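> Just a sequence and a predicted model for now, questions to come.
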Amino acid sequence: MLPTLRHGDKNVYVEVAQILTDYEPPGEEFSAYFVSHLTNWQSRHCCTPDGVIGPKTWTAIAENAPTVSDKSLRKGKYAKAVQLLVGADPDGIFGRKTEDAVKVFQSEHGLKADCIVG
């Protein structure tokens, strides 16, 4: 379960949300600028534009996120978002260490450990 996030929070989940909603530049701070970006994103994706990332917004983010199983997305910000979520070194390169971390994450969460993300 992903945490509910709101203005003032600082953690990797904020950065993941920023990456997956195309906020630039992403970082770990849930700033007033991100609130503005997020409410616009929520409006465009049929969420209540309240500036809070709860279960419904997380679901919408996941449903609209690209899959890094696509080779063209295995380097860059989307790979970094996966790395942040699974506890891998967030270097933005979806290589062997990230694949291993994804498989461990999947196994620990009762998912098929197939390294398919998305």
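Received the coordinates, thanks.
> Tell me where the protein has helices.
Using DSSP state H, the helices found in the chain span residues 12-20, 32-44, 55-64, 77-86, 96-108.
> want to throw these into JSON lines with mean pLDDT and mean neighbour count?
From N, CA and C alone the C-beta is placed, and that goes for glycine too. Compiled in JSON lines, the helices of the chain are given as follows (pLDDT from 0 to 100; neighbours: other CB atoms under 10 Å):
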{"stretch": "helix 12-20", "mean pLDDT": "97", "mean neighbour count": "21"}
{"stretch": "helix 32-44", "mean pLDDT": "98", "mean neighbour count": "16"}
{"stretch": "helix 55-64", "mean pLDDT": "94", "mean neighbour count": "16"}
{"stretch": "helix 77-86", "mean pLDDT": "94", "mean neighbour count": "22"}
{"stretch": "helix 96-108", "mean pLDDT": "95", "mean neighbour count": "15"}
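> which residues does the residue most central in space within the chain contact?
Centroid-nearest residue in the chain, with CA atoms, centre = their mean: residue 16, separated by 3.4 Å. Residue 16 is in contact with 81, 84-85, counting by CB atoms under 8 Å, 6 or more residues apart in numbering.
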